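Visitor: Quick one, fold the following:
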Amino acid sequence: MLWLLLPVCSQAQTVEADSSITQKKEHRGLARWAKKLTEIDTNYVKPNMYNMQAMAYSDMMFNIYKLSAEDENGENRQSLYFSPYSTLHVGPYIAYSIIFLGYTFNLGRKETSAGRSNMYLSIYSPIIGIDYYNQKGTNNYRLTRASGYSSEESKQIHKMAFSGIDTHLQNLNAYYVFNHKKFSYTAAYSQSGQQKRSAGSFMLGFNYARQKIKFDHTQLPAFLLYDNSGNEIINEALKISNIDYRYYSVNLGYSYNWVFAKNLLLNMTLTPSLGYNVNKGERLEFNTDLFKYTNINFDLTTRNAIVWNTGTFFAGASTVIHTYSYRKSSFSVLNALFRINLYAGIGFWKKAAYRKKK
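Guide: Numbering: from 1, shown residues only. Below you'll find the model as predicted:
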């Protein structure tokens, strides 16, 4: 009977050996893929020596929301401009390997910005990166300007407190760096590595944003709602109470690191984007309605950074200007966001390859 089992055992051993070989090939394939994600030209880029980084982070935000509406015949256009109280936010930022997480809280007056918070999550590698940003603003806005009204009061509006607008913005951006071996985007915006020689690269990205706005027009001052005779003058399209839309876009831009002194670089990035808006409840379908001009938008993101980095200690400043636009036949929203960041930090827990051997 034993001789009948020998072929079965031999076959099982062969299957096990083949499985082991397949697993080794898969592991080698994953290792090659992981190596490709971190492959750089060390003549241009010095890799990060540490597994972890910690930094103190400050965030100053300037934001403008413009709500506009007009009649069906394109006349009687009215626009309202809102801006939050621009207060200083600070908070911790911690990084492990390629994952970065930060949260900032307000240092300003509680009565003006208690409802504002920001959260950041990033994943960086030399070749690809992902940025996630979450911003909430509640009872934090001022009415800064109104156009399309004839009353003298409307022409004198200046930073008038307004509690009738709440906002929530979520933004996810993923990008691919073409010249990732010689150009380090992370050296400018995550301090995980150093640019040794000046270099630039084209970048291809995808952006997803969700914007929610709650607007109560009844909270507007009376001279924007009625004339002296008590007749209503506000455009009907401005009486929208909730805006909830998703925004999908692709962008192609260029980024350049200028190394102008030892351990110092200046980055300039410009990424135009072409996007498509979808309202909550609408389905994104490839039909004749997909390419309505009111759903397609052109937006722009610019970034600048100056960084000092010794490899262990780093400090710097960066700015981001981003526009989000939404429009329908008689109503539109423009959100222009300008952010200034200041930070300083340190790397710790050296990677094995950079530890001194005793």
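Visitor: Am I right that A237 sits in a helix?
Guide: Yes: A237: assigned to a helix according to DSSP: H, G, I helix; E, B strand; the rest coil.
Visitor: lowest confidence element among the helices and strands of the chain?
Guide: helix 110-113 (a mean of 44; mean pLDDT, DSSP states H and E).
Visitor: Where does A187 sit: helix, strand or coil?
Guide: Local secondary structure at A187 is given as helix here, using three-state DSSP.
Visitor: Low-confidence ranges, this structure, go.
Guide: By pLDDT under 70, the weakly predicted segments of the chain are 1-38, 73-74, 86-87, 98, 105-118, 137-139, 280-294, 357-358.
Visitor: Helices along that one, start to end?
Guide: 2-37, 110-113, 152-155, 185-189 (DSSP state H).
Visitor: Give me the neighbour count for the closest residue to L264 other than its chain neighbours.
Guide: If you skip the residues right next to it in sequence, L264 has W308 as its closest partner in space, 5.5 Å away by Cβ to Cβ, 6 or more residues apart in numbering. Backbone N, C-alpha and C define where each C-beta goes, glycine included. Neighbouring residues of W308 were enumerated by other Cβ atoms under 10 Å; the total is 16.
Visitor: Run through the bridge partners of W308.
Guide: L264, A315 (DSSP bridges).
Visitor: just checking, it touches A315?
Guide: Yes: taking Cβ atoms under 8 Å as the definition, W308 is a contact partner of A315 at 5.3 Å.
Visitor: For the residue nearest to L264, give its distance to G316.
Guide: Between W308 and G316 the distance, using Cβ to Cβ, to the nearest Å, works out to 6 Å.
Visitor: cool, Q156 as well?
Guide: In this structure, Q156 and G316 are 41 Å apart, going by Cβ to Cβ.
Visitor: between the two, who's got more neighbours?
Guide: For Q156 versus G316, the count of surrounding residues by other Cβ under 10 Å is larger for G316: 21 against 10.
Visitor: check contacts around the closest residue to the more buried one other than its chain neighbours.
Guide: Spatial nearest neighbour of G316, excluding adjacent residues (Cβ to Cβ, 6+ apart): V307 at 3.8 Å. If a contact means Cβ atoms under 8 Å, 6 or more residues apart in numbering, then V307 has 187-188, 191, 264-265, 267, 314-316 as its contacts.
Visitor: Of those residues, select the buried ones using a ChimeraX command.
Guide: Typed into ChimeraX, the next command selects the buried ones out of the contacts of V307 (criterion: 16 or more other Cβ atoms under 10 Å):
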select :187,188,191,265,267,314,315,316
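Visitor: which two from the contacts of V307 end up farthest apart in space?
Guide: Maximum pairwise distance among those (Cβ to Cβ): 14.7 Å, between N267 and A315.
Visitor: Tell me how many other residues crowd Y247.
Guide: As a measure of burial, Y247 has 21 neighbours, counting by other Cβ under 10 Å.
Visitor: any idea how far it lies from T144?
Guide: When Cβ to Cβ is applied, the distance between Y247 and T144 equals 24 Å.
Visitor: Show me how the protein divides into domains.
Guide: 1-37, 44-354 (automatic domain parsing).
Visitor: and among those domains, the most buried is which?
Guide: Mean neighbour counts were compared across these using mean count of other Cβ atoms under 10 Å; the top stretch is domain 44-354, at a mean of 17.
Visitor: And that domain, end to end?
Guide: 19 Å (Cα to Cα, to the nearest Å).
Visitor: Same check on stretch 122-136?
Guide: 18 Å.
Visitor: Enumerate every residue touching F260.
Guide: Under the contact definition (Cβ under 8 Å, 6+ apart), the residues listed for F260 are L266.
Visitor: again with G193
Guide: When the contact criterion is Cβ under 8 Å, 6+ apart, the partners of G193 are 40, 45-48, 126, 184, 186-187.
Visitor: how much space is there between it and N48?
Guide: Using Cβ to Cβ, one gets 5 Å for the distance from G193 to N48.
Visitor: Over to A344?
Guide: The span separating A344 from N48 equals 17 Å under the rule Cβ to Cβ.
Visitor: now swap in I127 and tell me
Guide: From I127 over to N48 the distance is 15 Å, taken as Cβ to Cβ.
Visitor: likewise L224?
Guide: Spatial separation of L224 from N48 under the definition Cβ to Cβ is 54 Å.
Visitor: Same check on Q195?
Guide: Applying Cβ to Cβ to Q195 and N48 gives a distance of 12 Å.
Visitor: joint contacts of the two?
Guide: Overlap of the contact sets of Q195 and N48 (by Cβ under 8 Å, 6+ apart) is empty.
Visitor: Quick check: beta-bridge partners of the closest residue to F62 other than its chain neighbours?
Guide: With Cβ to Cβ, 6+ apart as the measure, F338 is the residue that lies nearest to F62, at 4.3 Å, once sequence neighbours are left out. In this structure, F338 has the following beta-bridge partners (DSSP bridges): F62, I321.
Visitor: looking at it, F338 is touching M60, isn't it?
Guide: No: using Cβ under 8 Å as the test, F338 is too far from M60 to be in contact (9.0 Å).
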